[in-house]
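In: Would you be able to build a 3D model of this:
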Amino acid sequence: MKALVVDAEWSPRQGYILGKAEENTKRALMGSRAWRNPTFAIKDVPKPAPKDDELLIKVKVCGICGSDTHLYETDKDGYIIFSGLTKLPCVIGHEFSGVVEKVGDRVTEFKVGDFVAVESVMWCGMCTSCRSGALNQCSNVELMGLSSDGAFAQYAAVNARYCWKIDDLKDVYDDDKMFEVGALIEPIGCAYNGIFIAGGGFRPGAIVVVYGAGPIGLGAIALSRACGASLVIAFDVTEGRVEIATRLGADYAFNVNDMDGRTASDIVMELTKGWGADIQVEAAGAALYTVPQMEKAMSVNGKIIYLGRAATSTSMHLDNLVTGANKIIGARGHSGYGIFPSIIKMIANNRLRPEGIITSVFPFEKIMDAMKLSTTRQDGKILIKMPD
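Out: Next up, the predicted model:
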């Protein structure tokens, strides 16, 4: 079968102290500290044979994630930008939907022909984190398409426990659009997990500010509007994404490069008449800029939800957290807590219409053109249609 395979040189940076497991397996906990000079190639690879607890899925649509772009992009020394768990070579891609083609002998909840969307956080189910309910913090986690083969391929073999039926979406969309929307559930799930699970949600009427109108930020905007926010404000650095944010439900959306000398916090405080934001979502991976702005625009009992992964740090005046009873919350992933089925039900019942996030669709043979386009950060979500 055809698949997009990424490889790179294993070259740990000077000063990066490898753990024994990292050194023995070349499985970097921080990919940006170990892998350099990546190469991308469409290759013929063996069609996977599903194990008895797996599904063989005919991949229909797979989205380009920011982490995929961060594998493609490099810094001045040639190192990949992605800062998370990485093991190469790897078939990349992890935001996908498809059709069940074969069912493992021990699988009882799925049948051939089911339409499915798939979690990409491959939790073990046996470590203390998993058995305590924190699947996204699994101690033995693998990340599909980053440390384990993913879905920019004609077929993927996936443990059935990571799969969710999306057949109900047929009541809303035709088959082609249904698979496109199905591929959005994974990134929307990251926003859902951050705001409503890790972050504890918000009361109807809350004011939500989203920094970064990429796919996860756009998911946060759409979810916040659907779930009763009274005011949604968005910031991004590209005009294209500012326009998409408005279509997805932002009441106000701003290009931070064109704000007439005002800062984001100035605008938030002005629009909220001095109250500030109840929820602020960092989906930009730009903490050096965003966190100081968020700090100045927090309401009483306000929360910062940090989703934008980046190997960086920034300063913050922590006494403000005490004064305002504020919180900073980090979140990763989308597994557990009914996240996938909740999003599927919202879409199936027309409470959430996320198709506006999709701005470009490419055939698989043009995937490298799509990867290059992703680096401009003008699109909402770029999708790849996989070949039959």
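In: Quick check on V210: phi, psi?
Out: Here is the backbone geometry of V210 (degrees, to the nearest 10): phi -120, psi 120.
In: got the contact list for it?
Out: 217, 220-221, 224, 232-235, 245, 250, 280-281, 283 (C-beta atoms under 8 Å, 6 or more residues apart in numbering). The C-beta positions use only the backbone N, C-alpha and C, and glycine is treated the same way.
In: Next SSE downstream of the helix or strand bottoming out on mean pLDDT in the chain?
Out: The weakest-scoring helix or strand in the chain, judged by mean pLDDT, DSSP states H and E, is helix 319-324 (a mean of 85). Going down the chain from helix 319-324, the next helix or strand is strand 327-330, by DSSP states H and E.
In: Can you list the neighbours in contact with stretch 139-150?
Out: Identification of contacts with stretch 139-150 by C-beta under 8 Å, 6+ apart yields 3, 27, 31, 48, 62, 65, 67-68, 71, 82, 84-87, 90-94, 96, 118, 120-124, 126-130, 151-152, 156, 158, 162.
In: likewise stretch 111-118?
Out: Contacts of stretch 111-118 (C-beta under 8 Å, 6+ apart): 55, 57, 94, 96-103, 110, 144, 151, 156, 158, 162-167, 169-170, 178-179, 182-183, 185-186, 340, 344.
In: Quick one: mean pLDDT for it?
Out: Regarding stretch 111-118, the rounded mean pLDDT is 98.
In: same check, this time on stretch 228-236
Out: Across stretch 228-236, the average pLDDT comes to 98.
In: Could you do stretch 283-290 as well?
Out: pLDDT averaged over stretch 283-290 gives 90.
In: measure that stretch end to end?
Out: End-to-end distance of stretch 283-290 (C-alpha to C-alpha, to the nearest Å): 10 Å.
In: Likewise for stretch 185-202?
Out: OK, stretch 185-202 end separation, C-alpha to C-alpha: 21 Å.
In: follow-up on the earlier one: give the ChimeraX command for selecting the buried subset of the contacts of stretch 111-118.
Out: Buried residues within those, by 16 or more other C-beta atoms under 10 Å, are selected in ChimeraX with:
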select :55,57,94,96,97,98,99,100,101,102,103,110,144,151,156,158,162,163,164,165,166,169,178,179,182,183,185,186,340,344
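In: Among the contacts of stretch 111-118, name the ones in strands.
Out: 55, 57, 96-103, 156, 158, 163-165 (DSSP state E).
In: And those, which is closest to L318?
Out: Of all the ones in strands among the contacts of stretch 111-118, L318 sits closest to W164, with 39.6 Å by C-beta to C-beta.
In: how about the nearest residue to that closest one, chain neighbours excluded?
Out: F340 (4.4 Å; C-beta to C-beta, 6 or more residues apart in numbering).
In: Redo the contacts of V210 as CSV? Include neighbour count.
Out: Below are the contacts of V210 laid out as CSV (neighbours: other C-beta atoms under 10 Å):
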residue, neighbour count
G217, 30
A220, 33
I221, 31
S224, 28
V232, 25
I233, 25
A234, 29
F235, 28
A245, 29
A250, 29
Q280, 30
V281, 32
A283, 30
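In: from these, which is closest to I17?
Out: Nearest to I17 out of the contacts of V210 is A283 (C-beta to C-beta; 30.1 Å).
In: List the contacts of the nearest residue to E119 once chain neighbours are set aside.
Out: Nearest non-adjacent residue to E119, counting by C-beta to C-beta, 6+ apart: Y162, 4.2 Å away. Listed by C-beta under 8 Å, 6+ apart, the contact partners of Y162 are 118-122, 144, 335.
In: Tell me where this protein has helices.
Out: Using DSSP state H, the helices found in the chain span residues 20-25, 66-72, 128-131, 175-182, 185-192, 215-226, 239-248, 264-271, 287-296, 319-324, 339-348, 367-374.
In: So P187 versus I207, what's the distance?
Out: For P187, the distance to I207 (C-beta to C-beta, to the nearest Å) stands at 23 Å.
In: and the two? which has more neighbours close in?
Out: Comparing P187 with I207 by other C-beta atoms under 10 Å, the one with more neighbours is P187, at 27 against 24.
In: between the ones in strands among the contacts of stretch 111-118, which is closest to R203?
Out: R203 lies nearest to W164 out of the ones in strands among the contacts of stretch 111-118, by C-beta to C-beta, at 28.3 Å.
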